[in-house]
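*Asks:* Sequence and computational prediction follow.
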Amino acid sequence: GGRHGKPAKGLRFTPVEPNTTDRVTVPEGYAQGVVIRWGEPILRGAPEFDPAKQSAKAQAGQFGYNNDFLMLMPLDPGHGRSEHGRQLLVANHEYTNEELMFAGYDPKKPTREQVEIAWAAHGLSVVAVEEKRTSGALTPVRRHHLNRRITATTPFRVTGPVAGSELLRTKADPSGRKVLGTLNNCAGGTTPWGTILSGEENFNQYFANAEKVTDPGRAKTLKRYGLSGGASERQWEKYDERFDVAEEPNEPHRFGWVVEIDPYDPHSTPRKHTALGRFKHEAAQARLTPDGRAVVYMGDDERFDYFYKFVSKKKMMRGHSAASREHNMSLLDEGTLYVAKLTGDSPESEIDGTGKLPEDGEFDGRGEWIPLASGDKSFVPGMTAEEVYVFTRLAGDKVGATKMDRPEDVEPSPRTGRVYVALTNNTDRGKDGKAGPDEANPRKGNKHGQVLELAEHGDDGRSTRFRWRLFLVCGDPEDPGTYFGGFPKDQVSPISCPDNVTFDPYGNLWISTDGNELGSHDGLFGVATEGKRRGQVRQFLTVPTGAETCGPLVQERRVLVAVQHPGEVDGASVEKPASTWPDGPGTYVRPSVVAVWPKDGGRVGA
Ligand code: FEO
Ligand code: CA
Ligand code: CA
Ligand code: CA
């Protein structure tokens with residue numbers, strides 16, 4: 001509070017202090033409960049979780065590992081029969097921590113069963129959840145007819161301009177249109193037509209033997225996408241040769257896409273949308289233009305990589321008929337892919353690399369969306385449209401897109417239309433041979449990251465021009481190189497490494513972090529984006545040892561977070577755990593979804 005009076009509505013709670021306790025710490029007056037843990041059965045026939053007897057078959061019917069993105073969808077009449085007090089939870093399962101999943105795991109010799117369990121623990125889960133009448137708790141509804149697991153072996157249909165391309169054809173799939181599985185699904189988003197988008201992020205880690213590829217063109221693209229070396233970390237190539245680049249050179253081209261899932265049809269074939277480009281997709285968030293087209297904002301989470309958007313050619317159809325649903329699910333097949341170029345408005349000499357504000361008082365400027373390709377037309381000199389879609393990073397390089405500090409999740413404000421982009425950090429900024437600071441990425445050796453606010457010209461997602469400014473330059477508020485939207489820094493919580501973003505019902509931005517460099521565990525923060533409290537960051541929770549905070553969702557009466565990779569600490573194993581969250585000593589540490597709610601049954605932050 002202090003001299004600025006009460007915090008903004010929705011953020012009226014006692015902030016949690018930075019800490020390193022092995023639990024989820026919530027504000028005074030709030031209760032918490034695990035919604036669902038890794039391994040809980042959700043499909044018919046799936047057994048109870050028993051880590052000593054885990055099997056791939058069991059895992060394929062159970063909640064997956066390392067929950068990241070979360071969404072709650074209504075179970076409303078538009079999508080079948082209404083079920084009072086129930087919602088549909090969708091979660092991504094980004095990757096697996098074998099050393100924390102399997103007792104006695106030998107990373108040099110993974111067994112076939114362990115590898116197949118890991119395949120089944122990747123992907124996504126769709127699971128109905130039920131509200132308690134007396135609290136904000138949510139419990140999974142086992143065997144609900146909409147429950148679904150999507151894994152590293154689920155068939156996907158490739159859509160868009162490079163479906164069927166030679167670059168996507170393999171021995172197992174000469175059509176280049178049918179891919180098994182989705183990998184490293186990090187954050188995601190929703191569409192206005194009621195589907196889920198999910199980003200395939202660090203897919204490079206699953207592929208072996210890039211070092212054996214001698215063709216210089218191939219070697220160059222593999223390197224630009226981070227594929228290198230011999231055996232992969234998990235050695236999946238031992239049990240499926242498609243993960244060996246020397247055997248199946250096109251298989252990596254079949255990952256690194258945005259996928260779309262229809263959570264209301266458990267029998268639908270999910271899609272990989274090539275029109276949205278191929279890179280390390282952190283997330284994808286859609287909204288509509290004033291004339292009804294879909295715009296999707298997307299970050300490529302790598303140091304010095306780019307921020308993108310896609311604008312659909314066709315317009316959304318209203319209503320829930322089968323025809324409108326099919327039409328809307330084809331919107332992302334056709335359109336224009338753009339990459340962002342940001343120009344600061346202050347003299348370069350004022351961007352000194354420390355985070356000190358330039359004389360005009362803000363890191364801000366103008367931006368341009370540079371078109372890369374539309375259908376079969378390329379706008380990039382020397383690249384075909386097919387190459388632009390499959391090797392999108394190289395297209396961004398060619399057109400001089402702005403090298404950002406690891407663009408992570410993105411969310412347009414439902415109130416103002418301004419788009420918020422988490423730039424998590426970039427410790428290489430300004431190093432020898434690397435890009436130096438610029439007004440949008442103003443700090444050398446950037447450890448704490450920043451949050452960028454982008455306003456499309458005319459608030460129209462079709463526009464090719466925008467304004468931008470840094471909303472937060474994260475870190476310790478006592479560090480002069482930080483900025484909290486102009487709010488007095490003696491009244492904010494320290495924040496480091498913003499990763500996922502969402503909005504609450506009052507228009508406040510909520511930010512979860514990954515990799516806190518200030519000595520505390522990661523956490524979740526709320527901040528007003530408008531009015532007198534703009535920039536007043538307040539910490540709502542912290543997560544257990546080794547975890548990052550993911551998938552935040554802030555509803556009127558509860559907050560949901562995905563606690564990802566708890567116990568992931570160098571040298572930790574089942575035998576020597578760094579965390580035993582959530583169930584305590586003698587149990588396996590388990591990535592889980594947690595709900596937090598006011599004990600008095602009231603509204604969050606009211
Ligand atoms: Fe999977 Fe960019 O975090
Ligand atoms: Ca400026
Ligand atoms: Ca992330
Ligand atoms: Ca991250």
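*Replies:* Cool, got the structure. A quick note: this is a predicted structure, and the numbers were derived from the prediction, not measured. Numbering: from 1, shown residues only. Ligands and ions are numbered 1, 2, ... in the order given.
*Asks:* so how far is the helix or strand of the chain with the lowest mean pLDDT off the chain centroid?
*Replies:* Of all the helices and strands that make up the chain, helix 322-328 has the lowest average by mean pLDDT, DSSP states H and E, namely a mean of 94. Relative to the mean C-alpha coordinate of its chain, helix 322-328 is positioned 26 Å out (CA atoms, centre = their mean, to the nearest Å).
*Asks:* Buried residues in the next helix-or-strand element following it, which are they?
*Replies:* Going down the chain from helix 322-328, the next helix or strand is strand 335-344, by DSSP states H and E. For strand 335-344, the neighbour count (16 or more other CB atoms under 10 Å) marks Gly335, Thr336, Leu337, Tyr338, Val339, Ala340, Lys341, Leu342, Gly344 as buried. No exception for glycine: its C-beta is placed from N, CA and C like everyone else's.
*Asks:* now do stretch 479-488
*Replies:* Gly481, Thr482, Tyr483, Phe484, Gly485, Phe487.
*Asks:* Show me which residues of this structure sit near ligand 3.
*Replies:* Within reach of ligand 3 by CB under 5 Å from the ion, the chain has these residues: Cys186, Asp499.
*Asks:* if we go to 6 Å?
*Replies:* Proximity of the chain to ligand 3 is confined to Cys186, Ala187, Glu282, Glu408, Asp499, Asn500, Asp514 under the rule CB under 6 Å from the ion.
*Asks:* Ranking by neighbours, what's the top pick from the residues you listed?
*Replies:* The residue in those with the most neighbours, by other CB atoms under 10 Å, is Asn500 (33 neighbours).
*Asks:* all helices for the protein, in order.
*Replies:* For the chain, the helices defined by DSSP state H cover 56-59, 98-101, 112-121, 216-224, 322-328, 385-390, 392-399.
*Asks:* what's in contact with the last one?
*Replies:* Pointing back at helix 392-399 there. Around helix 392-399, the neighbours that count as contacts under CB atoms under 8 Å, 6 or more residues apart in numbering are 221, 224-225, 277-279, 300, 305-306, 308, 337, 339, 341, 370, 372-373, 379-383, 387-388.
*Asks:* rewinding a little: CSV please, covering the buried residues of stretch 479-488 and showing distance to His327 and pLDDT.
*Replies:* Converted to CSV, the buried residues of stretch 479-488 look like this (distance: CB to CB, whole Å; pLDDT from 0 to 100):
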residue, distance to His327, pLDDT
Gly481, 49, 98
Thr482, 47, 98
Tyr483, 44, 98
Phe484, 44, 98
Gly485, 40, 98
Phe487, 45, 97
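*Asks:* Any chance of TSV for these, columns distance to ligand 1?
*Replies:* Supplementary listing: those in TSV, determined by distance: CB to the nearest ligand atom, whole Å:
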residue	distance to ligand 1
Gly481	23
Thr482	22
Tyr483	23
Phe484	23
Gly485	23
Phe487	27
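*Asks:* Out of those, flag the one nearest to Pro442.
*Replies:* Among the buried residues of stretch 479-488, Gly481 lies closest to Pro442 (CB to CB), at 8.4 Å.
*Asks:* Just confirm that closest one contacts Gly355, I think it does.
*Replies:* Yes: with contact defined as CB atoms under 8 Å, Gly481 reaches Gly355; the gap is 2.6 Å.
*Asks:* Between these two, which contacts overlap?
*Replies:* Common neighbours of Gly481 and Gly355 (CB under 8 Å, 6+ apart) are Arg443, Val473, Gly475.
*Asks:* what's the span of stretch 312-332, first residue to last?
*Replies:* From its first residue to its last, stretch 312-332 covers 6 Å (CA to CA, to the nearest Å).
*Asks:* from the middle of its chain, how far away would it be?
*Replies:* Going by CA atoms, centre = their mean, the spacing between the C-alpha centre of stretch 312-332 and its chain's C-alpha centre is 24 Å.
*Asks:* Repeat that for stretch 379-388.
*Replies:* Put simply, stretch 379-388 sits 27 Å off its chain's centre (CA atoms, centre = their mean).
*Asks:* So what pairs up with the residue lying closest to Val35 once chain neighbours are set aside in the strands?
*Replies:* Leaving aside its sequence neighbours, Val35 sits nearest to Val593 (CB to CB, 6 or more residues apart in numbering; 4.2 Å). Taking DSSP bridges as the rule, Val593 bridges to Ile36, Ala562.
*Asks:* these two touch, right, Val593 and Ala91?
*Replies:* Yes: using CB under 8 Å, Val593 is in contact with Ala91, at 6.5 Å.
*Asks:* picking that back up, for the buried residues of stretch 479-488, which one is nearest ligand 4?
*Replies:* Distance to ligand 4, by CB to the ion, is smallest for Thr482 among the buried residues of stretch 479-488, at 20.3 Å.
*Asks:* ok, that closest one - contacts?
*Replies:* Listed by CB under 8 Å, 6+ apart, the contact set of Thr482 reads Gly355, His448, Val473, Cys474, Gly475, Asp476, Lys489.
*Asks:* Which one of these sits in the busiest neighbourhood?
*Replies:* Using other CB under 10 Å as the neighbour test, the contacts of Thr482 are led by Cys474, with 34 neighbours.
*Asks:* ok, back up a step: what's the burial count for the residue nearest to Val35?
*Replies:* So Val593, with other CB under 10 Å, has 28 neighbours.
*Asks:* Mind pulling up the pLDDT for it?
*Replies:* What the model reports as pLDDT for Val593 is 99.
*Asks:* got the contact list for it?
*Replies:* Applying CB under 8 Å, 6+ apart, we find Val593 in contact with Val34, Val35, Ile36, Asn67, Leu70, Leu89, Ala91, Gly551, Leu560, Val561, Ala562, Val563.
*Asks:* Surely Ile261 and Thr195 touch.
*Replies:* Yes: contact criterion CB under 8 Å: Ile261 and Thr195 qualify, at 6.3 Å.
*Asks:* Next, count neighbours for Lys599.
*Replies:* For Lys599, the number of neighbouring residues by other CB under 10 Å comes to 12.
*Asks:* so what's it closest to, chain neighbours aside?
*Replies:* Leaving aside its chain neighbours, Lys599 sits nearest to Ala31 (4.9 Å; criterion: CB to CB, 6+ apart).
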